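>>> Take this sequence and fold it.
(2 chains)
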Amino acid sequence: MVRMDENSSARLKRRLTGIVYRIGLFLAMLTICLPGLWIVISSLRPTVEIMAKPPVWIPQEISFDAYVAMFSGIGKGGIPVIEYFRNSLIISVTSTVIAVAIGMAGGYAFARYRFRGKSSVFLGLMLTRTVPGIALSLPLFFLYVRLGIIDTHFGLILAYVALNVPFTIWLIDGFFRQVPKDLAEAAQIDGCTRWQAFWQVEFPLAGPGIASAAIFAFLTCWNEFALASQLTRSVSAKTLPVGLLDYTAEFTIDWRGMCALAVVMIIPALTLTYIVQKHLVGGLTSGAVKG
Amino acid sequence: MNATPHGILMKGFKPSAPFLLLLPAMIVLAAVVVVPLLLSLYSSFTPFRLTRPETFFVFVGFRNYLSILSNADFWWAFGRTVLLLTIALNLEMLLGLGLAMLVEKATRGQRILRTLMMFPMMFSPILVGFQFKFMFNDNIGLVNNALQSLGITQDAIPWLIEGHLAFIAISIAETWSSTAIFAILILAGLLAMPKEPIEAARVDGCTPWQTFRYVTWPFVMPFAYIAMTIRSLDVARAYDIVKIMTDGGPAGRTELLWTLVARTAYSDGRMGMANAMAYFSILLSIAFTVYFFNKLAAARTQIGAEW
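The predicted model follows:
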């Protein structure tokens, strides 16, 4: 009997910890997801419901008015979203392509060669990344005005390439390290040049990793605000994050419109992050375990 | 005696492969970061104003720096920035560790949990700011609505209007947005960890706390430092959040170093002064990064990884 009691109390205890654990996990996930979900829900409700007192918790009707208004141009729903979207896309894609090309060269150098001051060069590269965007924007603003590239795609692309290169090098370095050295050496023994060995052996193997470095760089550009807000002025170069402020510049805030724009900004980011999540962690941590 | 300088000279003329490979990165960073920073260093010694270009060539020595030293607003912003970073980084570390351990224990649906966990990372800081501005709105925000519906309070709590509450709201937003970085990297550490040492510790009669402290934590530590290093590369993302949530208000009570720099430069047009302030914020960021980078390097050596 006593034995039974002990058994069942142990089982009860395990059950209880199991329940506590599930509640903890649920609350944690709720905290993470709620703010985003709230934005999505708010973008689909009429403004009256958002403003209602006492609050309306369960949406009574779903409407896509905010999205329709947003894409129907200036005057009808406020801000030129399509232009901002296009600017964001052009700037992010171009600077990502350049940053990844530069990052591949640099990352390969760190992964495959030993040279003097390697670790200080690496730290030096990272330090350029630490300069806060707003601090960097002061001299860039001045220079860009002088060079006449303020408020242009080119100016922002240039800045974003520099912003992304250090971190891209870190990530790509990690991915090349995961590719065994012997493979490229074997290819060279078989008569490939180093260049051929790189493109035919190492690059395909590190490919998925490099793709995720690219997506990460893209997201950095897509989300950047501090530099973009000072280096762009008009519809011809403003990006989406800067455009979001258009809604607050007014005396009253169009909460629903802002929510809708937020959703438009999140969707590409969400999709892309989902694709890269596995590789991203791999690239960052390679070298932390077993070199 | 003569051979040595000659040898160095020869080396200088025949660049090595890594040098050539790193050259494009060096050129871009020199053009967009290093040279502009030198320019801003120079202009921090001038009374340069945007409206009066000729002041760019007036040299005033350390006058900007001296007037910063006696500027109370600046030191408040500086202190507030350090306080925010201390609170946010510690909370992110603790919550990230907790979250990673929760998710690691999950037996089912771990993949989807991991994806959900990364959710905040996808949000641009400007969106995080907006989303929390919306939620903390005293009139229609989710937080006050919930508190009132649950009957906890009758009044609308002025989250973003009162200085201390606004600081708390900003800390929450900052923590929410960056905990994910710690969580995914610590989780990667936990998953990569061999199971035998934990089994051995349990057989030897260690308490769960001892097992965590002396077996799990030392293994996971380098991963936490990677997260810290990544995070310190981007500490200034708080600028975006504060800019949209309170814009430094009410009455400068949530002004951070970065918002103060932006205000001095673009609203007041005092570029010289703003550049001097910017140098403080750059040094702060560099101090953070170098500190965690060294910790990371040490942790890597400790577990015998190649660097």
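>>> how about the nearest residue to residue 163, chain neighbours excluded?
In the absence of a named chain, this looks at chain A. residue A:220 (6.6 Å; C-beta to C-beta, 6 or more residues apart in numbering or on different chains). Where C-beta positions appear, they are placed from N, C-alpha and C, glycine not excepted.
>>> my bad, chain B
residue B:253 (3.1 Å).
>>> burial measure for that neighbour, as a count.
17 (other C-beta atoms under 10 Å in any protein chain shown).
>>> Can you tell me the SS state at it?
coil (DSSP: H, G, I helix; E, B strand; the rest coil).
>>> Identify the residues contacting it.
Contact analysis of residue B:253 by C-beta atoms under 8 Å, 6 or more residues apart in numbering or on different chains lists B:163-164, B:166-167.
>>> Mind putting these into CSV with neighbour count and distance to residue B:223?
Below are the contacts of residue B:253 laid out as CSV (neighbours: other C-beta atoms under 10 Å in any protein chain shown; distance: C-beta to C-beta, whole Å):
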residue, neighbour count, distance to residue B:223
B:163, 15, 37
B:164, 9, 34
B:166, 22, 33
B:167, 19, 30
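>>> And the longest helix anywhere in chain B, what does it pack against?
Criterion DSSP state H: the longest helix present in chain B is helix B:72-105. If you count contacts as 3 or more C-beta pairs under 8 Å, 6 or more residues apart in numbering or on different chains; DSSP states H and E, helix B:72-105 packs onto helix A:2-43, helix B:110-118, helix B:163-192, helix B:217-232, helix B:238-245, helix B:257-262, helix B:271-302.
>>> how far out from the middle of the chain is that helix?
9 Å (C-alpha atoms, centre = their mean, to the nearest Å).
>>> quick one: that helix to helix B:271-302, angle?
Counting by axes from the mean of the first three to the mean of the last three C-alpha atoms, to 10 degrees, helix B:72-105 lies at 30 degrees to helix B:271-302.
>>> Show me which residues of helix B:72-105 are buried.
B:74, B:77-78, B:80-81, B:84-85, B:87-89, B:91-93, B:95-104 (16 or more other C-beta atoms under 10 Å in any protein chain shown).
>>> And for the closest residue to residue B:15 other than its chain neighbours, the neighbour number?
Using C-beta to C-beta, 6+ apart and skipping residues adjacent in sequence, the residue nearest residue B:15 is residue B:23, 7.9 Å away. Around residue B:23 there are 15 other residues, counting by other C-beta under 10 Å.
>>> quick one: residue B:23 and residue A:285, what's the gap?
The gap separating residue B:23 from residue A:285 is 28 Å, by C-beta to C-beta, to the nearest Å.
>>> From chain A, how far off is residue B:244?
7 Å (C-beta to the nearest C-beta, to the nearest Å).
>>> Could you pull up the mean pLDDT of stretch B:109-116?
Mean pLDDT, stretch B:109-116: 82.
>>> Could you pull out the helices in the stretch 151-291 of chain A for me?
Secondary structure of the stretch 151-291 of chain A (DSSP state H, counting those that start in this stretch): helices at A:153-178, A:181-189, A:194-197, A:203-223, A:226-231, A:240-244, A:246-249, A:255-285.
>>> buried sites along the third one?
In other words, helix A:194-197. Applying 16+ other C-beta under 10 Å to helix A:194-197 flags residue A:197 as buried.
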